[in-house]
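> Need a 3D model of the following:
(2 chains)
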Amino acid sequence: DAKTTQPPSMDCAEGRAANLPCNHSTISGNEYVYWYRQIHSQGPQYIIHGLKNNETNEMASLIITEDRKSSTLILPHATLRDTAVYYCIVRAQWGANSKLTFGKGITLSVRP
Amino acid sequence: IAGITQAPTSQILAAGRRMTLRCTQDMRHNAMYWYRQDLGLGLRLIHYSNTAGTTGKGEVPDGYSVSRANTDDFPLTLASAVPSQTSVYFCASSPTGGDGYTFGSGTRLTVV
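Residues are numbered from 1 along each chain as shown, chains lettered A, B, ... in the order given. The predicted model follows:
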């Protein structure tokens, strides 16, 4: 069963922020929110993860709602190279639910 | 450059033949994984290994076997290939715990 729900696709203009939503209403207390992306024909690439606090790294920011039932990945200045499928995944860091299970993801198209 | 090396990058294989896909990592990660990716079905876990000497079954293990003789190598074997095993295969690794997975570039396998 899918533990996350993402829209199938979205687009944004180059240079603008891309805000990718994800719903995970059944997330458990020990599960983290992970984001990966897959650029065409390449292996998936880790972006960021978080538990309940907002996180930021050189690639993106992750905003998790206070109830942890949804999150948003923010690419602050999208470029054409950010066109990819983005996967939102919830997983525990240990135990039976610690495997990375991919859904369909959201296809982000960055337009010039 | 640290990372995961998969070989071959692509292969056309006759049905019924035996094939081993190779995966080597140089990051000293404890855990390794094999996924297959098919159009419309996304990435699905075939087998995994939490540490050298141990393996486990993922979502779609039938027709595949793995071994983990050491930390660095995690080969995937198709004992008798069938056309339904035509897919792109990705190997991944992660440190023990919740850090992000690192994926290889994939092996595109066509069984005819």
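> pLDDT value on B:Leu76, please?
Among the per-residue scores, B:Leu76 shows a pLDDT of 98.
> Tell me which residues touch it, please.
B:Leu76 makes contact with B:20-21, B:23, B:34, B:46-47, B:64-66, B:89, B:91 under the criterion Cβ atoms under 8 Å, 6 or more residues apart in numbering or on different chains. C-beta coordinates here come from the backbone N, C-alpha and C atoms, glycine included.
> mind listing which of those are in strands?
Among the contacts of B:Leu76, DSSP state E puts B:20-21, B:23, B:34, B:46-47, B:64-66, B:89, B:91 in strands.
> Please render those as a markdown table that adds distance to B:Gly100 to the earlier fields.
Shown next, in a markdown table, are the ones in strands among the contacts of B:Leu76 (distance: Cβ to Cβ, whole Å):
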| residue | distance to B:Gly100 |
| --- | --- |
| B:Thr20 | 27 |
| B:Leu21 | 22 |
| B:Cys23 | 17 |
| B:Trp34 | 17 |
| B:Ile46 | 20 |
| B:His47 | 20 |
| B:Tyr64 | 24 |
| B:Ser65 | 27 |
| B:Val66 | 22 |
| B:Tyr89 | 20 |
| B:Cys91 | 15 |
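> Quick one: buried ones out of these?
B:21, B:23, B:34, B:46-47, B:64, B:66, B:89, B:91 (16 or more other Cβ atoms under 10 Å in any protein chain shown).
> out of these, who's nearest A:Ile48?
Closest to A:Ile48 out of these is B:Cys91 (22.2 Å), distances taken as Cβ to Cβ.
> Count the neighbours of residue 61 for me.
Chain wasn't specified; assuming chain A. 17 (other Cβ atoms under 10 Å in any protein chain shown).
> sorry, should have said chain B
16.
> Pull the contacting residues for it.
B:Pro61 touches B:46-47, counting by Cβ under 8 Å, 6+ apart.
> go on, A:Gly105?
Contacts of A:Gly105 were listed using Cβ under 8 Å, 6+ apart, and they are A:6, A:38, A:85-88, B:42.
> Please report how far B:Gly42 lies from A:Lys104.
As for B:Gly42, its distance to A:Lys104 is 6 Å (criterion: Cβ to Cβ, to the nearest Å).
> Now do the contacts for B:Arg108.
Residues B:9-11, B:88-89 are the ones in contact with B:Arg108 under the rule Cβ under 8 Å, 6+ apart.
> can you list the weak-confidence ranges in the chain?
All of this refers to chain A. A:1-2, A:95-97 (pLDDT under 70).
> The chain in question should be chain B.
B:1-2, B:97-99.
> So for it, which residue is the most central one in space?
The geometric centre of chain B, computed from its C-alpha atoms, lies nearest to B:Trp34 (Cα atoms, centre = their mean), at 3.1 Å.
> looking at the sheet around that residue, what are its partners?
Here B:Trp34 sits in beta bridges with B:His47, B:Cys91, as judged by DSSP bridges.
> need the contact list for it.
With the criterion set at Cβ under 8 Å, 6+ apart, B:Trp34 makes contact with B:21, B:23, B:45-48, B:58, B:64, B:66, B:74, B:76, B:89-92.
> quick one on the thing from earlier: any quick PyMOL command for the buried ones out of the contacts of B:Arg108?
A single PyMOL command is used to select the members of the contacts of B:Arg108 judged buried by 16+ other Cβ under 10 Å:
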select buried, chain B and resi 88+89
